[in-house]
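Participant: fold the following and give me the result.
(4 chains, ligands or ions: 2)
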Amino acid sequence: MSRAPRVAVVVFPGTWSERDFAHVAGLLGWEARLVWHTSEDLGDPDAVVLPGGFAHGDHLRTGAIARFSPVMRSVEAFAAAGGAVLGSCNGFQILTEAGILPGVLLRNDHLEFRCDWQPLRVERAEGPWLAGLSAGETIRLPISHGEGRYYADAEVLDRLEADGRVVLRYADEDGSVVPDANPNGSLRSIAGIVNERGNVLGLMPHPERAAEAEVGGTDGLRILRGLDAWLVAQPAAAERGL
Amino acid sequence: MARLTIAAPVERHGLTEDEYRLVVAALGREPNAVELGMFGAMWSEHCAYKHSRTLLGSLPTEGARVLVGPGENAGAIDIGDGLAAVFKVESHNHPSAVEPYQGAATGVGGIIRDIFTMGARPIALLNSLRFGPLHPDDDVTGRTDAAAAARNRYLLGGVVAGIAGYGNCIGIPDVGGEIGFDATYSGNPLVNVMCVGIARHDEITLARAAGPGNALLLVGASTGTDGIQGASFASASLDDDREERRPAVQVGNPFLEKLLMEACLELSGSTAVVAMQDLGAAGLTCALAEVSARGGCGAQVDLDLVPRREPGLTPYEVLLSESQERMLLVVRAGREAEVQAVFERYELHAVTIGRVIADPVVRATASAAIVCEVPGRALADDAPRYTPAAEPPSDMAARRAESLDELAAQPASAATLLELLGSPNMRSRKPIWRRYDHMNGINTLVGPGAGDAALLRIKGTDRAIALSLDGPGRLGALDPRLAGAAAVVEGALNVACSGATPIAITNCLNFGSPQNPAGYWQLTEAVAGMGEACRRLGIPIVSGNVSLYNETPDGPILPTPVIGTVGLLEDRSRAVPMAWCPADEIWLLGAPAWDAAALAASELAWRRGRFGGEPSLDLEAAARLVTLLGQLGAAGLVSGAHDVSVGGIAVALARMAIASSMGADLSMPTSASRFPSAGLFGERGGRVLVAVAPASSGAVVTAAAAAQVTAERLGAAGGRELQVGLGDARLSLGIDRLRAAWSVPF
Amino acid sequence: MRWLAEVHVRLRPGIADPEGQTIAGGLRSLGFEGVAEVRAGKLLRLTFDALDHAAADAAVGEMCRRLLANPVMETADWELRADEPAAIEVHA
Amino acid sequence: MRWLAEVHVRLRPGIADPEGQTIAGGLRSLGFEGVAEVRAGKLLRLTFDALDHAAADAAVGEMCRRLLANPVMETADWELRADEPAAIEVHA
Ligand SMILES: Nc1ncnc2c1ncn2[C@@H]1O[C@H](COP(=O)(O)OP(=O)(O)O)[C@@H](O)[C@H]1O
Ligand SMILES: [Mg+2]
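Facilitator: Ligands and ions are numbered 1, 2, ... in the order given. Okay, here's the model as predicted:
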């Protein structure tokens, strides 16, 4: 694909990672467009990002109110048509509330907000975001959330595992998935999952916060950069009828 | 809920009979109940600085970089490239004592509003906290029983959760601060929050009304009975009937403030906006009085137009409500719609409640009748200023005369180092700061726990700013003047240790009642000491806050002047970490402190029940050290630095060893062997440990000599053990033991 | 006419409730050893207009289904009553 | 014997309730225009042992006063009943 990738960054009232994503998009030579939640017009993007924050103050449940914003209709359509969607932190919570991804994110088991660098084991390295990584490797990304405890009933969890849709797990420095390395009590240490087609990724960590060495790491950049290669292999959004 | 009756007596409004007479004089008539309430709030210590304004006048506030000094919502300094750093520290001590979560949360919300009111985008928060002992056995004075300790733990938990709850939700990283424990803070915790914002010079918005006919827009939350009397409440000491006298608790709404912030920042460049003022203590009354007094004009508002959260509010309540997340904007006549459109986009309503008038009065109407008409200046500027009797505490001289020789002569043992490392005032703060989002905005180069100061990059430039918020520990108990000076010096050194140059400070003065001669003496002394140090270091004070009446029936808190320091690092690739590298030489820079008095007011002395001695600090030498550190950093001569503060050299070395996951082999000079405990655990300020690559040590020695700073080579980094030789004694501890001792939860 | 609904949002049985566990622990450490279990939920008091009881009840059910409770981990039940003047003062 | 108490922790009248306001806004934007006000509170379901009804009731009152509600901004009321096997299933 010759032109710069166009990425729609959705902004709900209370979202706060949109500027950080726009900054990193700049580093990647992407064209980032901030889309306010009341608009249904994503502007013919190549990918959609739902950033972190506290949409609607996280009142009631994280993402509970955001999922009804007009923009979500377009996000659902874009995802259904196979477009690349990334929901980080609050974005992940919104995707689950909207039913685009299964399960729900509950209050951390220790009841505290947790902001720290977190090692993660890459379980599967495919799709628009993770193809640049390799399965089994350990990466480091910042986490910053009070409600990241992934929950789904056993059936759903087993299906996710069977389909290889659990793509990131909380791990320790050497990549072992152990209870002590689980920062929020997520079932099966789940940090990130994808939808059936693999085009929608939801994860609690913040890839945009790990895109420059001077702020502590670049594994996040490796994730976002995956999009470039993936897009090259894709028919243009227009051709996919979006 | 505290609701004032119209027939409320003068006392109820916090005014004395004399002050009441001044009000009558200012009005040329008796005030009505509404006006009386307005004066009561505006002339409270909290709003009027009655006991401190005269003192604050003595502080240096000028400097080449100063764009906006004290008097506005926050100070602003030039950081190059046409950018300004806008910052201020604010206290929310009394509200936090009553409802720790909301008290701390609304404190954070308030200081953030001060920053974006100036047109600056907040990029960092810091917080300085003080609590009573969390466990009875942490208190050698034996004053803390199980119930008091439980209350202190409840307050700590609530305050930290409130700071995290507000800051994390609005999305401003909390990048640093400090936390300390002492019995005098039992039941009267200190919650000081600093916010730093960045603005282009031309975006800086002041809070001065102008242009009769211009519109007064009220924006944000609707008005309820929150915190009525808050201003006068913050100025009364916390005696036991506070449960009854408590006003309605204010509840913060960071989600709403985020929208308010984004809308105000979008408007800060606009010519449609003449002025912005946030509503804080004394609510609408204070905002109207200050914008009109600053602008030399007046304001007329119709209270019926103020959006209410609940029915039945009286004019009195509407004028004095401290409902959070509200802003007052002065908008050019005819351009209201354009401003309102911006707020609508952020799902907020901006209501025109009145107009700027030429007549310099604050006039409010309700149901077409005038409910108050008061000169803005009388409310904002004409409160009386007091200089009450000042006298050192009677036992002061005796305590300072106390000798610490015996304690100082005790051998410095590994056990003592481990004890100090694990003590509440020194142990790792990670259990606290990991609850704050400290990375939002991806500017954090050095975050909490990683250095003496936080370091944030300024995107689009090569620069970074260094931020520190620090108080003086126990020095105030023995020498409040020194406490003021030492806090300024520690802030400057924290910033200098990261490679930056301190360029301006803000301060928060937390003291007891000024009506008590000892209390007022402590305040005067601390302010004098701060001023001396700032002049000596050439650092202006651009903003600040005063919190008095911090006392309980058990007595006043330790005098606690908290200093927020902003430093500038021109080339952030020159940033200096806290860690050392293999083979680095470890040097001690600064005036030697091997004498017994170096233990005065130290953690070790306090833990051993030695509350006396004569603390000191060589300001001249400290100033030279700050300059030297700037030179060494710019020349890239030091690979690591950390200032000597609580716990002394031994704890500072342990902190660097832990940060580097590497030991060091060191020996103290023979001059230290007479008073080993003072040498290793003494806390006299003005000293820094630096790690220097062997190749650079020659240059460091030369630079130190030229700067007339004493430099002492202690040894070299390496291995898994921290070894310190002192005379014939040798203290040796593995990194893992140090880290384990330091990493105990609260 | 105006109705008052008290909606109870509860965690489904079997779903871990760290908040409830923490409260139970807190109560026991305060000396209430008899506390066997605490489950934490949400209490939402809605004041709203609807034609009649049936319509009001249907509305609350709809609000719970669409927004107030997430069926993945929560259930909701409610009490509904006409909102008398008295009640208005209570929450005004 | 075993008791079941449903404690309702409510914000005092007049205390701002951002959560309730946000939920009300959310409901209205979903088309429930009739929603006048939402007040959010906590629902705590306590299972505990006490000698008799009087003792159980006193205990709950004490728990509310000491831990469950913050008198500065909250009030608490509760329903108390003996915990029958049925009820146990409900929350087991
Ligand atoms: N209440 C707090 N909030 C945020 N950060 C804190 C707090 N207390 C301490 N810190 C951070 O923890 C680190 C160590 O704090 P402290 O021990 O006071 O500094 P030092 O001893 O190095 O002068 C610093 O980076 C400081 O910013
Ligand atoms: Mg320090």
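Participant: point out where chain C drops to low pLDDT.
Facilitator: Scanning chain C for pLDDT under 70 picks out C:85-92.
Participant: where along it do the helices fall?
Facilitator: Using DSSP state H, the helices of chain C run over C:18-29, C:53-63, C:85-91.
Participant: for the first one, packing partners?
Facilitator: With contacts taken as 3 or more Cβ pairs under 8 Å, 6 or more residues apart in numbering or on different chains; DSSP states H and E, helix C:18-29 sits against strand C:35-49, strand D:35-49. (Each C-beta comes from the backbone N, C-alpha and C, glycine too.)
Participant: now the last one: buried residues?
Facilitator: Okay, so that is strand D:35-49. Neighbour counts using 16 or more other Cβ atoms under 10 Å in any protein chain shown place D:35-49 of strand D:35-49 among the buried residues.
Participant: may I have stretch B:89-99 exported as PDB, CA atoms only?
Facilitator: Once non-C-alpha atoms are left out, stretch B:89-99 reads as follows in PDB (Å, rounded to 0.1, in the frame of the first residue of the first chain):
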ATOM      1  CA  VAL B  89       0.900  23.500  45.000                       C
ATOM      2  CA  GLU B  90      -2.300  23.400  47.000                       C
ATOM      3  CA  SER B  91      -3.300  21.800  50.300                       C
ATOM      4  CA  HIS B  92      -6.500  20.000  51.200                       C
ATOM      5  CA  ASN B  93      -5.600  19.000  54.700                       C
ATOM      6  CA  HIS B  94      -8.800  19.600  56.600                       C
ATOM      7  CA  PRO B  95     -11.200  18.200  54.100                       C
ATOM      8  CA  SER B  96      -9.000  15.100  53.900                       C
ATOM      9  CA  ALA B  97      -9.100  14.700  57.700                       C
ATOM     10  CA  VAL B  98     -12.900  14.500  57.500                       C
ATOM     11  CA  GLU B  99     -13.400  12.400  54.400                       C
END
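Participant: that one close to chain D?
Facilitator: Yes. For stretch B:89-99, a contact with chain D is found by Cβ under 8 Å from any Cβ of the partner chain, at B:98-99.
Participant: wondering if that stretch reaches ligand 1 at all.
Facilitator: No. On the criterion Cβ under 6 Å from any ligand atom, stretch B:89-99 is out of touch with ligand 1, staying 13.0 Å away.
Participant: pull up the residues of chain A that are close to chain C.
Facilitator: A:60-61, A:64-65, A:68, A:97, A:103-104, A:106-111, A:151-153, A:185.
Participant: mind listing which of these are in strands?
Facilitator: When the residues of chain A next to chain C are checked against strands (DSSP state E), the matches are A:104, A:106, A:151.
Participant: what about the first one, how many neighbours?
Facilitator: Other residues near residue A:104 number 23, with proximity taken as other Cβ atoms under 10 Å in any protein chain shown.
Participant: swap in residue C:81?
Facilitator: 12.
Participant: distance check, it against residue C:2.
Facilitator: Separation of residue C:81 from residue C:2 (Cβ to Cβ, to the nearest Å): 10 Å.
Participant: for stretch A:51-60, list the C-alpha coordinates in CSV.
Facilitator: What follows is stretch A:51-60, C-alpha atoms only, in CSV (Å, rounded to 0.1, in the frame of the first residue of the first chain):
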residue,chain,number,x,y,z
PRO,A,51,-7.8,4.0,23.2
GLY,A,52,-7.5,3.9,27.0
GLY,A,53,-9.2,6.2,29.4
PHE,A,54,-12.3,6.4,31.6
ALA,A,55,-15.2,6.8,29.1
HIS,A,56,-18.1,8.3,31.0
GLY,A,57,-15.9,8.1,34.1
ASP,A,58,-16.2,4.4,34.2
HIS,A,59,-19.4,4.9,36.0
LEU,A,60,-21.8,2.0,36.4
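Participant: now chain A, which segments are flagged as low pLDDT?
Facilitator: Scanning chain A for pLDDT under 70 picks out the ranges A:1-2, A:235-242.
Participant: if you set the cut-off to 90 instead, what comes out?
Facilitator: Applying pLDDT under 90 to chain A flags residues A:1-3, A:233-242.
Participant: so where's the longest helix in it?
Facilitator: Assigned via DSSP H, chain A shows its longest helix as helix A:219-232.
Participant: got the residues of chain A near chain B?
Facilitator: So far as Cβ under 8 Å from any Cβ goes, chain A lies against chain B at A:13-14, A:16-17, A:19-20, A:23-24, A:36, A:53-54, A:56-59, A:112-116, A:142, A:144, A:146, A:206, A:208-209, A:211-212, A:214-215.
Participant: chain A: strands as residue ranges?
Facilitator: Going by DSSP E, chain A shows strands at A:6-11, A:31-36, A:47-50, A:84-88, A:104-106, A:114-122, A:138-145, A:149-151, A:166-170, A:190-194, A:200-203.
Participant: which one of those lies closest to ligand 2?
Facilitator: strand A:114-122 (21.5 Å; Cβ to the ion).
Participant: quick one, the closest one and strand A:190-194 angle?
Facilitator: 60 degrees (axes from the mean of the first three to the mean of the last three Cα atoms, to 10 degrees).
Participant: state the distance from residue B:648 to chain D.
Facilitator: 41 Å (Cβ to the nearest Cβ, to the nearest Å).
Participant: so that residue makes contact with residue B:682?
Facilitator: Yes. Counting by Cβ atoms under 8 Å, residue B:682 is a contact partner of residue B:648 at 5.0 Å.
Participant: common neighbours of those two, please.
Facilitator: By Cβ atoms under 8 Å, 6 or more residues apart in numbering or on different chains, residue B:648 and residue B:682 have these common neighbours: B:598, B:602.
Participant: and the residue of chain C found nearest ligand 1, how many neighbours?
Facilitator: Closest residue of chain C to ligand 1, Cβ to the nearest ligand atom: residue C:22 (22.6 Å). Residues near residue C:22, counting by other Cβ under 10 Å, number 15.
Participant: who in chain A is up against ligand 1?
Facilitator: Close to ligand 1, as judged by Cβ under 6 Å from any ligand atom, chain A has no residues.
Participant: separation between whichever residue of chain A sits closest to ligand 1 and residue A:11?
Facilitator: Residue of chain A nearest ligand 1, by Cβ to the nearest ligand atom: residue A:115 (11.1 Å). Look at residue A:115 and residue A:11: by Cβ to Cβ, they are 22 Å apart.
Participant: for chain C, what are the nearby residues on chain B?
Facilitator: B:310-312.
Participant: now, among those residues, which is nearest to chain A?
Facilitator: The closest of the residues of chain B next to chain C to chain A turns out to be residue B:310 (Cβ to the nearest Cβ; 19.7 Å).
Participant: hang on, that closest one in a strand?
Facilitator: No. The assignment for residue B:310, made by DSSP: H, G, I helix; E, B strand; the rest coil, is coil rather than a strand.
Participant: gap between it and residue B:105?
Facilitator: 21 Å.
Participant: tell me which of these two has more neighbours.
Facilitator: residue B:105 (30 against 16).
Participant: contacting residues around the more buried one?
Facilitator: By Cβ under 8 Å, 6+ apart, the contact set of residue B:105 is B:162-163, B:165-166, B:252, B:254.
Participant: alongside ligand 1, which residues does the stretch 401-550 of chain B contribute?
Facilitator: Listed as neighbours of ligand 1 in the stretch 401-550 of chain B under the rule Cβ under 6 Å from any ligand atom: B:429, B:432-433, B:448-449, B:451-452.
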